[in-house]
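1. Any chance you could fold what I've pasted below:
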Amino acid sequence: MAEGFRIAPDDPCLDGHFPGRPLVPGVVLLDAVLSRIGPAGDLMVESVKFLRPVLPGQEVAITLSGTGRVAVSAAVDGTPVLTGFVRTGAGTTGAGRTGAGRTGADG
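-> Numbers count the residues shown, from 1 in each chain. Got it, this is the predicted structure:
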């Protein structure tokens with residue numbers, strides 16, 4: 001399953017990250033991935049690697065594969081920008097998502 005999202009150039013998450021060359025914060029990318037898997041209390045990020053920066057306005061495609069131990073990836077124009085694994089299940093702790101309410105929707 002692949003879903004896309006983009007962060008608008010005027011999104012508040014970009015304030016100060018970084019002046020003159022805004023980049024989408026890694027925590028925003030991770031939050032977009034986690035929000036597509038399930039509630040934060042039922043997730044634990046096992047590993048994640050940020051491979052390339054994402055610029056405001058770029059379409060990010062998220063792919064999830066598996067259950068229990070979900071392989072996650074995100075790509076821009078087919079180029080990977082994030083890879084990792086997330087464990088799911090009742091009683092799992094540790095994800096602690098930030099960006100409350102962010103759904104990764106356009107705009």
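2. now the helices for this structure?
-> In the chain, the helices defined using DSSP state H lie at 26-35.
3. Model confidence at residue 94, what's the number?
-> pLDDT recorded at residue 94 is 46.
4. what's near enough to touch residue 15?
-> For residue 15, the contact set (CB atoms under 8 Å, 6 or more residues apart in numbering) is empty. In this view, the C-beta of every residue, glycine as well, is placed from N, C-alpha and C.
5. so where's this protein shaky on pLDDT?
-> The chain contains residues with pLDDT under 70 at 1-2, 90-107.
6. Apply 80 and report the result again.
-> 1-2, 40, 90-107 (pLDDT under 80).
7. Stretch 47-60: which residues count as buried?
-> By 16 or more other CB atoms under 10 Å, the buried positions in stretch 47-60 come out as 48, 50, 54, 56, 60.
8. And stretch 73-80, by the same measure?
-> If you call a residue buried by 16+ other CB under 10 Å, then stretch 73-80 has these buried ones: 73-76.
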